[in-house]
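[1] Predicted structure and sequence below. I'll ask about it afterward.
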Amino acid sequence: MMALCLMLRGVAGIAGVTGLMSLFKGTQGFDNTALAEAHPLPELENQFRFLAVSWIGYGATCYWVTLNLAKRSELVPLLAAITFGGAVARIHSYQRFGKPKQFHVTGIYTELLSGILLTYFYLNYSPTK
């Protein structure tokens, strides 16, 4: 159970930090010369910051689950699916538009592995099992 709790808190921390970075820096926070020099479309900037808040909310939900894992562990498969789904979306983007910066490629691996590990820890160490 401790492994599941630590994994969820790790995911919560990553989501919180990257979500806050995205919220406050917007699309201009990327290390991409073309994007940094161009004035972003208001729609893109708007959507990006909305999704940043959603990502922060996801992290807060992960942390909230750990505060009473015995009662809230049934949410872990949903959280794992969301994390894994994020990786699948990144892979689709990679295939369609090309390779992103290494930081975002690392995100693909991190999200794939996190989704799998959350599911593994849930199935093997959940307090409701």
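    Yes, it's here.

[2] roughly how far is stretch 83-103 from the heart of the chain?
    Centre-to-centre, stretch 83-103 and its host chain are 12 Å apart (CA atoms, centre = their mean, to the nearest Å).

[3] Contacts for it next, please.
    11, 30-32, 104-105, 107-112, 114-116, 118 (CB atoms under 8 Å, 6 or more residues apart in numbering). Using the backbone N, CA and C atoms, a C-beta is placed for each residue, glycine as well.

[4] Out of the residues you listed, show me where the pLDDT dips lowest.
    The member of those with the lowest pLDDT is Asn32, at 58.

[5] ok, Lys101 - how many residues close by?
    Burial of Lys101 is recorded as 11 neighbouring residues (other CB atoms under 10 Å).

[6] Now list the buried members of the contacts of stretch 83-103.
    Val11, Phe30, Gly107, Ile108, Thr110, Glu111, Leu112, Ser114, Gly115, Leu118 (16 or more other CB atoms under 10 Å).

[7] Tell me which residues of the longest helix seen in the chain come out buried.
    As assigned by DSSP state H, the longest helix anywhere in the chain is helix 42-67. Under the neighbour-count criterion of 16+ other CB under 10 Å, helix 42-67 has Phe48, Arg49, Ala52, Trp55, Ile56, Tyr58, Gly59, Thr61, Cys62, Tyr63, Val65, Thr66 buried.

[8] I'd like to know which elements the next helix or strand after that helix is packed against.
    Following helix 42-67 in sequence order, the next helix or strand is helix 69-72 (DSSP states H and E). Here helix 69-72 touches helix 2-25, going by 3 or more CB pairs under 8 Å, 6 or more residues apart in numbering; DSSP states H and E.
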